[in-house]
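can you look at this prediction? I've put the sequence above it.
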Protein chains: 2
Amino acid sequence: MHSLQFTADSSSNGMVERDFTVGDVPGILWSPASGADRAPLVLMGHGGGTHKKHLAMAGRAQRLVTGGGFHVAVIDAPGHGDRPRTAHDEQEIAELYRARAAGEPEGPIVVRYNAHLAELAVPEWQATLDALQELPEIGADGPVGYVGIGLGTAIGVPLVAIEPRITAAVFGPHWPDVLVEKAKQITIPIEFDLQWDDERIPREAGLALFDAFASKEKTLHANAGKHMELPRFEADSAVRFFARHLGRAVTSPA
Amino acid sequence: MHSLQFTADSSSNGMVERDFTVGDVPGILWSPASGADRAPLVLMGHGGGTHKKHLAMAGRAQRLVTGGGFHVAVIDAPGHGDRPRTAHDEQEIAELYRARAAGEPEGPIVVRYNAHLAELAVPEWQATLDALQELPEIGADGPVGYVGIGLGTAIGVPLVAIEPRITAAVFGPHWPDVLVEKAKQITIPIEFDLQWDDERIPREAGLALFDAFASKEKTLHANAGKHMELPRFEADSAVRFFARHLGRAVTSPA
């Protein structure tokens, strides 16, 4: 088992940011500047084609850390961010761009490529969680949540299905093909964000995935707008969702 | 035009409760115990078979008044609460109970009866709003919202479609039959609550009604659970929705 190595740190806006590695996998841990001791942990999966330091990740982390008092960790998915692309990655990405340019449906390519990435990423997340829980400010028995949309959902659904340490999760739409059977195994509280006018993932696909979760408590938030137009107030809603389920008061007007 | 007559008042938990009538229509106005001057107004439509003083109304009002600082007004729908039932009301209610007992679909009866009630109730709401805006603590130019689920939606959709003073609304599922054409005329921000496992209103009916609103900003909140199991945190979400759109800070952890 690899332990966690911190490689850089900085601090701003009430938030401490620490780069780390677990084995070959680079990540970031954001923590409250004060009151971080034994705070709950939220794992965050980035979207396809982005990376751990993408603005959307930093923005969500800011709300979770200063609005909810959580630790927040994100790692680069295989072939993303600071990690090398394999020939297979290059080939799948080229195929995706070709299909988009030709106006062909991207679903089959994204479904197959994300399933491949998830197979690699799930054990990486489990090793990362092992290492994070060795840190005294997190600890082995604190509550853990997961938030991830797009590729973050494609990786998060199979992760949450087999990882009992994660007790609440926020997901977003994805083609249901390979995820439905995993979602049926999930019973923890779920918040699910969907764009009603998504031009990439069909509405019926997103609704079918939401429908599949076996959770007694699950909430769909569907907003008017296209794929990339998720309203920012949904990031605030996720903070409140985790505060309810991981046991933390929302301290700022998140 | 009828002016508003107060008939009783009381005060508890930071909230002033005043019974009123406008013509033959009885209602309640809840207001903050302090800071009520020129606060925004939220109109609240009760559900079918209930009334202005139903626990669900008082509970929602408490959150809106003490959590959001709003005035909140509710009136009895025709044939409900303190209002007389006509022979037609009795006949439709008997028919509804008969269909339920026989395991027949209730949709056609509810759709037709609620459409009849809405025809009567829309002008009553407009007269009530006229009278409420004569009160100095509300005023004629302040922002107005509407929240109503079930019968409250059946009345609210045609009301909002023709009432430009209402600038934000929270609705719930209903059979779309007579409401879709009205919903297509509505462009104000909408929050829409739906129960994913509703045993009375089919999921597709609720989704079709949500789909029909022409609003650029609309959000569907769909929760696991049956018709009557709307989670209480959706009442808090409605407070935040009105705070965003009627210009009010949420002052308590709503």
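That came through fine. Here the structure is a predicted model, which means the values were calculated and not measured.

quick one: pLDDT of residue A:254?
Here the pLDDT value assigned to residue A:254 is 40.

what's the answer for residue A:228, then?
Residue A:228 is given a pLDDT of 87.

give me phi/psi at it?
The phi and psi torsions at residue A:228 (degrees, to the nearest 10) take the values phi -90, psi 10.

show me what contacts residue A:185?
Contacts for residue A:185 (C-beta atoms under 8 Å, 6 or more residues apart in numbering or on different chains) come out as A:161, A:214. To be clear about C-beta, it is placed using only N, CA and C from the backbone, and glycine gets the same treatment.

near chain B, which residues of the stretch 101-250 of chain A show up?
A:196, A:207, A:210-211, A:215-224, A:231, A:233, A:237, A:240, A:244, A:249-250 (C-beta under 8 Å from any C-beta of the partner chain).

mind giving me the ChimeraX select for those residues, buried ones only?
In ChimeraX, this line selects whichever of those come out buried by 16 or more other C-beta atoms under 10 Å in any protein chain shown:
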select /A:196,207,210,211,215,217,218,219,220,221,222,223,224,231,233,237,240,250
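
sort out which of the residues of the stretch 101-250 of chain A next to chain B are in helices and list them.
A:207, A:210, A:211, A:233, A:237, A:240, A:244 (DSSP state H).

let's verify the closest residue to residue A:234 other than its chain neighbours: helix, strand, or coil?
Excluding its sequence neighbours, the residue lying closest to residue A:234 (C-beta to C-beta, 6 or more residues apart in numbering or on different chains) is residue A:193, at 5.3 Å. Counting by DSSP: H, G, I helix; E, B strand; the rest coil, the backbone at residue A:193 sits in strand.

need the longest helix for chain A.
Criterion DSSP H: the longest helix present in chain A is helix A:107-132.

pairing partners for the helix or strand just after that one, with directions?
As assigned by DSSP states H and E, the chain's next helix or strand after helix A:107-132 is strand A:144-148. The pairing partners recorded for strand A:144-148 under DSSP bridges are strand A:41-45 (parallel), strand A:166-171 (parallel).

JSON lines for those strands, including distance to residue A:178 and mean pLDDT?
Formatted as JSON lines, those follow (distance: least, C-beta to C-beta, whole Å; pLDDT from 0 to 100):
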{"stretch": "strand A:41-45", "distance to residue A:178": "16", "mean pLDDT": "98"}
{"stretch": "strand A:166-171", "distance to residue A:178": "14", "mean pLDDT": "98"}
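
now mean neighbour count and distance to residue B:179 too, for the ones you listed, in CSV please.
Listed next are those as CSV, based on neighbours: other C-beta atoms under 10 Å in any protein chain shown; distance: least, C-beta to C-beta, whole Å:
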stretch, mean neighbour count, distance to residue B:179
strand A:41-45, 27, 39
strand A:166-171, 26, 31
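
okay, those strands in TSV with distance to residue A:150 next?
Output for those, formatted as TSV (distance: least, C-beta to C-beta, whole Å):
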stretch	distance to residue A:150
strand A:41-45	8
strand A:166-171	10
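
mind telling me which residue of the stretch 51-200 of chain A is nearest chain B?
residue A:196 (7.0 Å; C-beta to the nearest C-beta).

what's the angle from the longest helix of chain A to strand A:41-45?
Interaxial angle of helix A:107-132 relative to strand A:41-45 (axes from the mean of the first three to the mean of the last three C-alpha atoms, to 10 degrees): 150 degrees.

may I see the buried residues of helix A:107-132?
Buried residues in helix A:107-132 (16+ other C-beta under 10 Å): A:107, A:109-111, A:113-114, A:116-118, A:121-122, A:124-125, A:127-132.

show me what contacts residue A:38?
A:137, A:138, A:139, A:142.

try 6 Å this time
A:139, A:142 (C-beta atoms under 6 Å, 6 or more residues apart in numbering or on different chains).

state the distance from it to residue A:165.
Per C-beta to C-beta, to the nearest Å, residue A:38 is found 15 Å from residue A:165.

list the buried residues of the lowest-mean-pLDDT helix or strand in chain A.
Least confident helix or strand of chain A, by mean pLDDT, DSSP states H and E, is helix A:55-62 with a mean of 90. Within helix A:55-62, the residues that count as buried by 16+ other C-beta under 10 Å are A:57, A:58, A:60, A:61, A:62.

kindly report the same for stretch A:74-85.
Within stretch A:74-85, the residues that count as buried by 16+ other C-beta under 10 Å are A:74, A:75, A:76, A:77, A:78, A:79, A:80, A:81, A:83.

cool, stretch A:15-28 as well?
Of the residues in stretch A:15-28, those buried (16+ other C-beta under 10 Å) are A:15, A:16, A:17, A:18, A:19, A:20, A:21, A:22, A:25, A:26, A:27, A:28.

just to revisit the earlier point, may I see the buried residues of stretch A:74-85 organised as a markdown table, with distance to chain B added?
As requested, those are exported to a markdown table (distance: C-beta to the nearest C-beta, whole Å):
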| residue | distance to chain B |
| --- | --- |
| A:74 | 26 |
| A:75 | 30 |
| A:76 | 32 |
| A:77 | 29 |
| A:78 | 33 |
| A:79 | 34 |
| A:80 | 30 |
| A:81 | 31 |
| A:83 | 36 |
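
nearest to residue B:4 among these?
Nearest to residue B:4, judged by C-beta to C-beta, of the buried residues of stretch A:74-85 is residue A:74 at 55.7 Å.

what does the helix or strand harbouring that closest one contact?
If you go by DSSP H and E, residue A:74 is part of strand A:71-75. Contact with strand A:71-75 is made by A:25, A:27-31, A:39, A:41-44, A:52, A:57, A:61, A:64-65, A:128, A:132, A:138, as judged by C-beta under 6 Å, 6+ apart.

what are the pairing partners of that strand, and which direction each?
Take DSSP bridges as the rule and strand A:71-75 pairs in its sheet with strand A:25-32 (antiparallel), strand A:41-45 (parallel).
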